[in-house]
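Sequence first, then the predicted structure:
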There are 2 protein chains.
Amino acid sequence: MSASRIEELIAALRASGRRVTPTRRALIEQLVGASSHLTADELMARVGLADGPVHEATIYRSLDALERSGLIEHVHLGHGRAVYHLMDDLHQHLVCEVCGQVAEAPAGLFDVVQRRLVEHHGFVMRPYHFAVLGRCRRCEAAPVPILEEEPS
Amino acid sequence: MSASRIEELIAALRASGRRVTPTRRALIEQLVGASSHLTADELMARVGLADGPVHEATIYRSLDALERSGLIEHVHLGHGRAVYHLMDDLHQHLVCEVCGQVAEAPAGLFDVVQRRLVEHHGFVMRPYHFAVLGRCRRCEAAPVPILEEEPS
DNA sequence: ATCTTTGCAAACTTTTTGCACCAAT
DNA sequence: ATTGGTGCAAAAAGTTTGCAAAGAT
């Protein structure tokens, strides 16, 4: 069950020298319980619904604290808001620029590239901060999209 | 020389059904002449210096026009402003999260990943819209950075 | 008791939009 | 003469900050 996972994360937060507050606990709970990735304002809404309203500044500062403690990470799926997810749930995001759908790909997707970059450029890639953009199967097959709007 | 390249781009712009204006011409000239990638406000400054001030809204709308015509593309190197470059100058950007330095990697870097994504996920990757984040050789070698600020 | 965290309001950065005027075709 | 582009001002979107009050250790 996820209760122990939540407690582990809380313990890690405390171990990192930061304080455990209701907002931080609620954010962790939401992120553990979430089926998909959530934006800061989605998290604010859910936390507010569960435990009463929390100010946006607090949400951002708490997310920052969780991120600095190594518990979570934010990812940019395209233009607009970032999404947050737990660090131990590493994977790549495939964002369709036509329909906006987000799929997940295994974390090892970039292993080959990572090795090449270290060897040729001395560059240690951290592959999770940005999404992979492109077109999903359906949109690639479709004749031509009507919209000109890109979600990227 | 780059004069003919500029004229080619102007011709392509016209061919795409859009009008050729002093601002658009100036933007193309700056992008052709630029040694590195430029942000919208850097472009505004340079264009303004050369041909007199142009409003920011016009810069953004003109860049959008050039992008929709397929002449240029914008890339996100991290948090903050996007940078613009010519479409025919495709390559990947390696951004060091510690020192902020931007290096370039060959366009084919992701070929293997691209093939894998098509085969396994039916996903056609467009690999240029986001930078590759990580640590450059120097910062990776350094004991530990003093700053906590990430340019990402 | 101390030092973090929160709430509030306000600022900030980057980009976008509505509208009237101007200019490229 | 059309239609698309520009300037202006103002707003939008997303996130950050200063400060005093509240809360975790």
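Good, I have the coordinates.

How about the backbone phi and psi for A:Arg81?
Here is the backbone geometry of A:Arg81 (degrees, to the nearest 10): phi -60, psi 150.

Count the residues that sit near it.
A:Arg81: 14 surrounding residues under other Cβ atoms under 10 Å in any protein chain shown. To be clear about C-beta, it is placed using only N, CA and C from the backbone, and glycine gets the same treatment.

same thing with A:Glu119?
For A:Glu119, using other Cβ under 10 Å, the count is 9.

mind checking the SS state of it?
Classification of A:Glu119 using DSSP: H, G, I helix; E, B strand; the rest coil returns helix.

roughly how far apart are it and DNA strand C?
Separation of A:Glu119 from DNA strand C (Cβ to the nearest atom of the strand, to the nearest Å): 33 Å.

And that residue, what's its pLDDT?
pLDDT, A:Glu119: 95.

Quick one: the helices in chain A, in order.
Assigned helices in chain A, in chain order: A:3-15, A:22-33, A:40-51, A:56-68, A:111-121, A:137-141 (criterion: DSSP state H).

Dihedrals phi and psi, the residue lying closest to A:Gly70 once chain neighbours are set aside?
With Cβ to Cβ, 6 or more residues apart in numbering or on different chains as the criterion, A:Gly70 has its nearest non-adjacent residue at 6.0 Å, and that residue is A:Met87. Backbone torsions of A:Met87, given as degrees, to the nearest 10, read phi -60, psi -30.

Give me the neighbour count for A:Met87.
When neighbours are counted by other Cβ under 10 Å, A:Met87 registers 15.

Give me the distance between it and A:Arg61.
According to Cβ to Cβ, to the nearest Å, A:Met87 and A:Arg61 sit 18 Å apart.

Likewise for A:Ala40?
From A:Ala40 to A:Arg61 the distance is 11 Å (Cβ to Cβ).

out of these two, which sits in the busier spot?
A:Ala40 (18 against 13).

wait, which of the helices of chain A is closest to B:Gly70?
helix A:137-141 (18.4 Å; Cβ to Cβ).

average pLDDT across the closest one?
Helix A:137-141 comes out at a mean pLDDT of 91.

hmm, who's touching it?
Here helix A:137-141 makes contact (Cβ atoms under 8 Å, 6 or more residues apart in numbering or on different chains) with A:96, A:98-99, A:145, B:121-124.

Can I have the buried ones of these as a PyMOL selection?
Burial among these is assessed by 16 or more other Cβ atoms under 10 Å in any protein chain shown; the matching PyMOL selection reads:
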select buried, (chain A and resi 96+98) or (chain B and resi 121+123+124)
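
For the contacts of helix A:137-141, give me a markdown table that also has distance to DNA strand D.
Conversion of those to a markdown table gives the following (distance: Cβ to the nearest atom of the strand, whole Å):
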| residue | distance to DNA strand D |
| --- | --- |
| A:Cys96 | 18 |
| A:Val98 | 19 |
| A:Cys99 | 18 |
| A:Pro145 | 20 |
| B:His121 | 26 |
| B:Gly122 | 28 |
| B:Phe123 | 24 |
| B:Val124 | 26 |
